[in-house]
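Novice: this one's sequence-less:
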């Protein structure tokens, strides 16, 4: 049963690549080479290797909480968690391979074992229940309401951990970046046209309305964390104040990308998702710092043109 499922995953990956152009592969290849070299140098330090091992489990946990095929896999196998465990082990295999060339090779086994309880998480299908009203999220940010409901436990853990780690240098900023990466996935699904026309605004006014509402929502929840971190680490205030606008720019780019490739009731294209992943990495990689700005300018023009097809009556 495992082999057919892995073949399905491979076909899904190949299908997702159809929307990419040749220059996307060049960007991805250069980015991957840089990440391998950077990670290897990081793993040579014992403390950093432990942090990387623990941090690598967070996206796997997010994936397990977010995936929609748990019921499907549970019907195919009596031990669905073993299938997920193999998939996650293969997903982390490039990182685990790097560990074999360092003195921290002993962390490979704990990481693989930690994947077992993660793979078993959420396999008991929850009973239908009434949605909890998220009164702290503005109605204009319906993407947030849907995304928070899907990732509520992970986001709650990250939010508490971000405040708890304020005493440690850069710990809170790293969690804030990871949380921003999760939030940027809220904009992968396009709303129906009738929801698009609710504000009764033209294309440019609509984009301003969406950016203002979503950035305000993000800042209300994250500025207290940034303020506390800056007070506890005054020597890190300048890096933090530089890092935070980069996160806002990632959010702006994600919103504009959604409407640049807007298709009612559909997910954004694989090319847009690929470029958005580069935007997410940009705050951590100096040579990509301008990438979200360039993407935002490009996607703004495309979004205005795209939305005019649906909002021309309100211009």
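Specialist: Perfect, I can see it now. All of these numbers come straight from a predicted model, not from anything done at the bench.
Novice: going forward, measure contacts between C-alpha atoms and count neighbours the same way
Specialist: OK.
Novice: care to break the protein down by domain?
Specialist: 1-126, 134-315 (automatic domain parsing).
Novice: Go through those domains and pick out the most buried.
Specialist: Mean neighbour count (mean count of other CA atoms under 10 Å) peaks for domain 134-315 among the domains of the chain, with a mean of 17.
Novice: so where's the stretch 101-250 of the chain shaky on pLDDT?
Specialist: Confidence mapping of the stretch 101-250 of the chain against pLDDT under 70 gives the ranges 122-133.
Novice: quick one: the helices in it?
Specialist: Listed in chain order, the helices of the stretch 101-250 of the chain (DSSP state H, counting those that start in this stretch) span residues 108-119, 142-150, 152-164, 171-184, 193-196, 203-232, 237-260.
Novice: In CSV: those, plus distance to residue 95.
Specialist: CSV is the format used below for the helices of the stretch 101-250 of the chain (distance: least, CA to CA, whole Å):
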stretch, distance to residue 95
helix 108-119, 9
helix 142-150, 27
helix 152-164, 23
helix 171-184, 18
helix 193-196, 42
helix 203-232, 30
helix 237-260, 25
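Novice: got the angle between the helix or strand hosting residue 86 and helix 108-119?
Specialist: When elements are assigned from DSSP states H and E, residue 86 belongs to helix 80-91. If you take axes from the mean of the first three to the mean of the last three CA atoms, to 10 degrees, helix 80-91 sits at 140 degrees to helix 108-119.
Novice: Against which helices or strands is helix 80-91 packed?
Specialist: Judged by 3 or more CA pairs under 8 Å, 6 or more residues apart in numbering; DSSP states H and E, helix 80-91 is in contact with helix 70-76, helix 108-119.
Novice: what distance separates that helix from the centre of its chain?
Specialist: How far helix 80-91 lies from its chain's middle: 20 Å, per CA atoms, centre = their mean, to the nearest Å.
Novice: that older thread, between the helices of the stretch 101-250 of the chain, which one is nearest to residue 27?
Specialist: helix 237-260 (17.9 Å; CA to CA).
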